[in-house]
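J.: Predicted model follows, preceded by the sequence.
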Amino acid sequence: MQKSEFFDALTLWFVAAIFLRTGSGSSNPAIAVMAIVATLLSYAVPLYLLGESVLLLTE
């Protein structure tokens, strides 16, 4: 994993976290779907970064 990929994934995680804190209070169905995606990303991105770090350390 290159540094730019790491920071892109980290930025995506922060965007998802900020959206969950500020934009998920509406009853609009589109925002509800985006909140589900943001929730999934908030769990998936750290797992992805952890997995990539383990792979990098084992090389």
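T.: All right, it came through fine. Residues are numbered from 1 along each chain as shown.
J.: can we go C-alpha only for contacts and neighbour counts from here?
T.: Noted.
J.: mind checking the longest helix of the chain?
T.: When the chain is parsed with DSSP state H, its longest helix is helix 29-58.
J.: What's the mean pLDDT across that one?
T.: Average pLDDT, helix 29-58: 88.
J.: For it, name the packing helices and strands.
T.: helix 3-22 (3 or more Cα pairs under 8 Å, 6 or more residues apart in numbering; DSSP states H and E).
J.: which residue is nearest the middle of the chain?
T.: Residue closest to the average C-alpha location in the chain (Cα atoms, centre = their mean): residue 13, at 3.1 Å.
J.: mind listing what that residue touches?
T.: 41, 42, 45, 46 (Cα atoms under 8 Å, 6 or more residues apart in numbering).
J.: Now for residue 41, how many residues are close by?
T.: Residue 41: 20 surrounding residues under other Cα atoms under 10 Å.
J.: close enough to count as contact, it and residue 16?
T.: Yes. Here residue 41 reaches residue 16: they are 6.6 Å apart, a contact under Cα atoms under 8 Å.
J.: if we can go back for a sec, could you check the angle the longest helix of the chain makes with helix 3-22?
T.: Put simply, helix 29-58 runs at 140 degrees to helix 3-22, going by axes from the mean of the first three to the mean of the last three Cα atoms, to 10 degrees.
J.: Going by neighbour count, which residues in helix 29-58 are buried?
T.: Going by neighbour count (16 or more other Cα atoms under 10 Å), the buried part of helix 29-58 is 34, 35, 38, 39, 41, 42, 45, 49.
J.: hang on, the earlier thing: now the residue nearest to the centre of the chain: how far from residue 28?
T.: Residue 13 sits at a distance of 23 Å from residue 28 (criterion: Cα to Cα, to the nearest Å).
J.: From the chain's centroid, how far away is stretch 35-51?
T.: Offset of stretch 35-51 from its chain centre (Cα atoms, centre = their mean, to the nearest Å): 4 Å.
J.: can you check stretch 18-35 too?
T.: A distance of 15 Å separates the centroid of the chain from that of stretch 18-35, by Cα atoms, centre = their mean.
J.: what's in contact with it?
T.: The contact list for stretch 18-35, computed with Cα under 8 Å, 6+ apart, reads 38, 39.
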